[in-house]
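Colleague: Predicted structure and sequence below. I'll ask about it afterward.
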Amino acid sequence: MSGILQLCATPIGNLGDMSPRILECLQNADLIAAEDTRNSLKLLNHFDIHTPMTSYHEFNKVEKAHILIAQLHEGKNIALITDAGTPVISDPGEVLVRMCIEAGITVTSLPGPCACITALTLSGLDTRRFVFEGFLPREKKEREQALKRLENESRTFILYEAPHHLKGTLSDLASSLYCGGDRKIALCRELTKKFEEVIHTTINSALLRYENEDPRGEYVLVIEGRDIRSIEAEENAKWESMSIPDHVAMYEAKGMDRKEAMKAAAADRGVSKRDIYSALEKEK
Ligand code: SAM
């Protein structure tokens, strides 16, 4: 019978957050796959766990997954841990989980600390609907595209950031998310640690603050989504500046037939198809 892949969340700064269930799992596993074995050795030594370890990281994620799956097929139970927090969330593991599922291996998750959820709960922002974005891409074009997508995001969204990139990221957020006014942001640092700090402010005020202060520690940024009313107001203003015939013609140019184009224009403007028809008749 095949073994099980067990995803084990580890503390993000406070060793007291290591759960008894995860300790038992790490103790009893045949093998622990760790993102950085040297780093994890400290954690495992602290808890007197001496299970054999192997590395599983970004740069060996496919080849090593094949090796781990072969061991799982032999009946070994393997625990996956990363440097801190929940594996697979902005951390290695996604490929391994997918390949295990495809290979018919049972995967289970032992929940525990996760920086994004911890930050969200402390943000004071809308938690009913949220988006996790992880790290913004560093490559210029991909980053611009990601910021563009976020411009009209109405849900609360969460970013991870390292201290040396924080100022740049705040500056990019300020220049991309200006529509609808300055946004609330919660800057969450050193979560679960002695000097945990959550700064509830706005994007522009955060930029000013870090003009005179160097960011320290890892950050989670929780950002207010755009007010849906300001998106609607902007949309309406856009259509008001366009005549109804031009509006219908715009959709026809995109390949719609006249009937579909009239329906789409009516929906955009919040008017009936009869109104669109009358405007087109007047134009004749
Ligand atoms: N898988 C981990 C999780 O979900 O908790 C996240 C791993 S990701 C490589 C590391 C990022 O998580 C950091 O750059 C930071 O944005 C965030 N992070 C991790 N620990 C944190 C902490 N104690 N306080 C604030 N942010 C933290």
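Modeller: The structure has been received and is ready for your questions. Numbers count the residues shown, from 1 in each chain.
Colleague: what's the closest residue to residue 227 other than its chain neighbours in contact with, if anything?
Modeller: Leaving aside its chain neighbours, residue 227 sits nearest to residue 180 (5.4 Å; criterion: C-beta to C-beta, 6 or more residues apart in numbering). C-beta coordinates here come from the backbone N, C-alpha and C atoms, glycine included. Contact analysis of residue 180 by C-beta atoms under 8 Å, 6 or more residues apart in numbering lists 226-227, 230-231, 234.
Colleague: Could you do residue 95 as well?
Modeller: Residue 95 neighbours (C-beta under 8 Å, 6+ apart): 61-62, 65.
Colleague: the helices in the chain, which residues?
Modeller: Counting by DSSP state H, the segments of the chain that form helices are 20-28, 37-46, 61-73, 94-102, 115-122, 140-151, 166-176, 203-209, 228-240, 244-253, 258-269, 273-283.
Colleague: which ones are touching the residue nearest to residue 263 when sequence neighbours are not counted?
Modeller: Counting by C-beta to C-beta, 6+ apart, residue 263 lies nearest to residue 273, which is 6.2 Å off, once chain neighbours are set aside. Residue 273 makes contacts with 262-263, 266, as judged by C-beta under 8 Å, 6+ apart.
Colleague: if you set the cut-off to 10 Å instead, what comes out?
Modeller: Residues near residue 273 by C-beta atoms under 10 Å, 6 or more residues apart in numbering: 259, 262-263, 265-267.
Colleague: And it, how far from residue 207?
Modeller: Distance of residue 273 to residue 207, given as C-beta to C-beta, to the nearest Å: 47 Å.
Colleague: swap in residue 79?
Modeller: Taking C-beta to C-beta, one finds residue 79 at 42 Å from residue 207.
Colleague: Quickly list the domain ranges of this protein.
Modeller: 4-113, 116-226, 242-283 (automatic domain parsing).
Colleague: can you list these in TSV and add mean pLDDT and distance to the ligand?
Modeller: As requested, those are exported to TSV (pLDDT from 0 to 100; distance: least, C-beta to the nearest ligand atom, whole Å):
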stretch	mean pLDDT	distance to the ligand
domain 4-113	98	2
domain 116-226	96	3
domain 242-283	90	39
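Colleague: Start and end of stretch 109-122, how far apart?
Modeller: 24 Å (C-alpha to C-alpha, to the nearest Å).
Colleague: Same question for stretch 173-192.
Modeller: 26 Å.
Colleague: Quick check: buried residues in it?
Modeller: Buried residues in stretch 173-192, counted by 16 or more other C-beta atoms under 10 Å: 173-174, 176-177, 180, 183-192.
Colleague: and those residues, which two are the farthest apart?
Modeller: 180 and 192 (33.0 Å; C-beta to C-beta).
Colleague: re earlier: nearest to residue 7, out of the contacts of residue 273: which one, please.
Modeller: Among the contacts of residue 273, and counting by C-beta to C-beta, the member closest to residue 7 is residue 267, at 44.1 Å.
Colleague: how about that closest one, what does it touch?
Modeller: Residue 267 neighbours (C-beta under 10 Å, 6+ apart): 273, 276.
Colleague: Going forward, the N-terminal residue is numbered 19.
Modeller: Sure, I'll start numbering at 19, so the last one becomes residue 285.
Colleague: neighbour-wise, which of residue 97 and residue 225 wins?
Modeller: Ranked by neighbour count (other C-beta atoms under 10 Å), residue 97 and residue 225 place residue 97 first, with 25 against 17.
Colleague: Residue 89 reaches residue 47, doesn't it?
Modeller: No - using C-beta atoms under 10 Å, residue 89 is not in contact with residue 47; the gap is 11.1 Å.
Colleague: between those two, what contacts are shared?
Modeller: With C-beta under 10 Å, 6+ apart, residue 89 and residue 47 have common neighbours 21, 95-96.
Colleague: Inside strands: which ones of those?
Modeller: residue 96 (DSSP state E).
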